[in-house]
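Trainee: Return a 3D structure for these sequence lines:
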Amino acid sequence: MFERILIANRGEITCRIIETCRRLGVETVAVYSDADRSARHVRLADTALPIGPAPARESYLCGEKIISAALSSGAEAIHPGYGFLAENPSFARDCGDAGLVFVGPRPDTIEKMGSKSEAKKIMEAAGVPVVPGYHGEDQDPTRLAERASEIGYPLIIKAVAGGGGKGMRTVNDPNGFQDALDGAKREAMNAFGNDAVLLERRLRNPRHIEFQVFGDTQGHHVQLFERECSIQRRHQKIIEETPSPFVDYTLRARMAEAAVSAARAVDYMNAGTVEFIVDEHKSFYFMEMNTRLQVEHPVTEKVTGLDLVEWQLRVAAGEPLPMSQDEIHVRGHAIEARIYAENPTNEFLPSTGLVERFAHPAASPSIRTDTGVVSGDEITIHYDPMIAKLISYG
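Mentor: Here you go, the predicted structure:
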């Protein structure tokens, strides 16, 4: 196990990782921007180092500064949390070049799964079902319109490099295709610097169901069952639960097998999530693979009794997976609600200001709160508006 790691993130996920590290006796190094000098994650860490101005692109997204901080602090590894640099293959590669362990999958895996079109090609070859659609390289508008007609309406246009609902448009008929395509490409270019898109058939009454997977350096792969993430707003998850009330025993077994096949197809290492979309007839299709720990990992931890951050650290340190597939079981039901700094009177748009009072239920076997704020903290314009997660279990 590592003696000291740097956490290249902020807020609730950094606080969450620190909690596991304390239990394992691993020293933690936090980084902070000018806006986060007195943030909760800075106070909790054993050491905290400044990395620049408030804007993320000048601090938390600046890989060189973070690697320099890790080397100067004597850290052996960098845990990226989620968001920021967590799915950046260049950063993962730079960590290795600097002699640091990146707590996550290999850079080439992140690269392959970071492109929705490339990921779908790999999954098709591995026999994992994918949503009918077009994910080719030809981006000529006329060609895309032709393929849209072949796929049939309604359909969804998605940014190849996208996430979080950016660069995504739903089209109900051919008349709206060109405007939707232009909008999706424009938004994708602004958000990701890449305006390539793919087309997918829009399924009726779909459910968003994902499987937690893990792999180690010895080539072992397991799945830790499903999470349902169908309750969303603006394509962003807000409520997650496990087990899914929609998934029966047969469907669970089929999806679990597909999830492990997906992990094996890219020789996956560390924590990952295979996301599926499931139609009303319980046919399921691969949607994407998130090559990191997910925001909703606590519900899996509650029903399995496992610490997924500990698993991440052990696998990154070269240890085999702590358990085999037949040793992993679920008990009970867990639900997570994301807590956002938003204004409900203004279409739930992000809100800023002073947290005059932050109160939450006391921790117990049935209640858990993961948070990066306390009373008196400032919510700024610079970062994601999610400030906490409330997890219930029974």
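Trainee: What's the end-to-end length of stretch 172-183?
Mentor: This stretch, stretch 172-183, spans 15 Å end to end (Cα to Cα, to the nearest Å).
Trainee: Identify each buried residue in it, please.
Mentor: Residues of stretch 172-183 classed as buried by neighbour count (16 or more other Cβ atoms under 10 Å): 177, 180, 181. Using the backbone N, CA and C atoms, a C-beta is placed for each residue, glycine as well.
Trainee: Output those residues in TSV, with pLDDT appended to each entry.
Mentor: Shown next, in TSV, are these (pLDDT from 0 to 100):
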residue	pLDDT
177	97
180	96
181	96
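Trainee: Now intersect these with the helices, please.
Mentor: Among those, the residues falling in helices (DSSP state H) are 177, 180, 181.
Trainee: Distance check, the second one against residue 131.
Mentor: Between residue 180 and residue 131 the distance is 17 Å, computed by Cβ to Cβ, to the nearest Å.
Trainee: Also residue 362?
Mentor: Residue 362 is 43 Å from residue 131, where distance means Cβ to Cβ.
Trainee: who's more crowded, those two?
Mentor: Ranked by neighbour count (other Cβ atoms under 10 Å), residue 362 and residue 131 place residue 131 first, with 25 against 6.
Trainee: So the more buried one is in contact with residue 277, correct?
Mentor: Yes: using Cβ atoms under 8 Å, residue 131 makes contact with residue 277 at a distance of 6.3 Å.
Trainee: what's in contact with the helix or strand where residue 287 lies?
Mentor: Using DSSP states H and E, residue 287 sits within strand 284-290. If you take Cβ atoms under 8 Å, 6 or more residues apart in numbering as the criterion, strand 284-290 is touched by 87, 113, 116, 119-120, 123, 128-131, 203, 208-210, 251, 254-255, 258, 262, 266, 272-279.
Trainee: Find the residues that touch each one of residue 131 and residue 277.
Mentor: Here residue 131 and residue 277 share the contacting residues 203, 285, 287, scored by Cβ under 8 Å, 6+ apart.
Trainee: any idea how far residue 19 is from residue 229?
Mentor: Distance of residue 19 to residue 229, given as Cβ to Cβ: 24 Å.
Trainee: quick one: average confidence on the strand or helix carrying residue 51?
Mentor: Assigned by DSSP H and E, residue 51 belongs to strand 47-52. Regarding strand 47-52, the rounded mean pLDDT is 98.
Trainee: Tell me which residues are up against the next helix-or-strand element following it.
Mentor: Going down the chain from strand 47-52, the next helix or strand is helix 63-73, by DSSP H and E. The contact list for helix 63-73, computed with Cβ under 8 Å, 6+ apart, reads 4, 6, 8, 29, 31, 47, 49, 51-52, 59-60, 78, 85, 88, 90-91, 94-95, 98-100.
Trainee: Select only the buried ones of the residues you listed in PyMOL?
Mentor: A single PyMOL command suffices to select whichever of the contacts of helix 63-73 are buried according to 16+ other Cβ under 10 Å:
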select buried, resi 4+6+8+29+31+47+49+51+52+59+60+78+85+88+91+94+95+100
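Trainee: before we move on, which element is residue 146 in?
Mentor: helix 141-151.
Trainee: If you count neighbours, what's buried in that helix?
Mentor: 144, 147, 148, 151.
Trainee: just stretch 334-347 next, same as before
Mentor: Of the residues in stretch 334-347, those buried (16+ other Cβ under 10 Å) are 334, 335, 336, 338, 339, 340, 341, 342.
Trainee: returning to that earlier point: moving C-terminal from the strand holding residue 287, which element do we reach first?
Mentor: Past strand 284-290, the next helix or strand by DSSP H and E is helix 297-304.
Trainee: Run through the neighbouring helices and strands of the helix or strand following that following helix.
Mentor: Per DSSP H and E, helix 297-304 leads on to helix 308-316 as the next helix or strand towards the C-terminus. Counting contacts by 3 or more Cβ pairs under 8 Å, 6 or more residues apart in numbering; DSSP states H and E, helix 308-316 is packed against helix 11-24, strand 77-79, strand 207-215, strand 270-278, helix 297-304.
Trainee: orientation of helix 308-316 relative to strand 270-278 in degrees?
Mentor: Between helix 308-316 and strand 270-278, the angle comes out at 120 degrees (axes from the mean of the first three to the mean of the last three Cα atoms, to 10 degrees).
Trainee: Tabulate the CA atom coordinates of helix 308-316 in CSV.
Mentor: Output of helix 308-316 as CSV, limited to C-alpha atoms (Å, rounded to 0.1, in the frame of the first residue of the first chain):
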residue,chain,number,x,y,z
LEU,A,308,-14.4,1.1,-3.4
VAL,A,309,-11.8,3.7,-2.8
GLU,A,310,-9.8,1.1,-0.8
TRP,A,311,-10.2,-1.3,-3.8
GLN,A,312,-8.9,1.5,-6.1
LEU,A,313,-5.8,2.1,-4.0
ARG,A,314,-5.0,-1.6,-3.6
VAL,A,315,-5.3,-2.3,-7.3
ALA,A,316,-3.2,0.7,-8.2
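Trainee: Give me the angle between that helix and strand 207-215.
Mentor: Using the same axes, to 10 degrees, the direction of helix 308-316 lies 40 degrees away from that of strand 207-215.
Trainee: which residues are in contact with helix 308-316?
Mentor: Counting by Cβ under 8 Å, 6+ apart, 1-2, 5, 16-17, 20-21, 23-24, 26, 77, 79, 101-104, 212, 214-217, 224, 269-271, 293, 297, 300-301, 321-322 sit against helix 308-316.
Trainee: for the record, mean pLDDT for it?
Mentor: Mean pLDDT, helix 308-316: 98.
Trainee: Give me the distance from stretch 322-338 to the chain's centre.
Mentor: Relative to the chain's own centre, stretch 322-338 is displaced by 18 Å; criterion: Cα atoms, centre = their mean, to the nearest Å.
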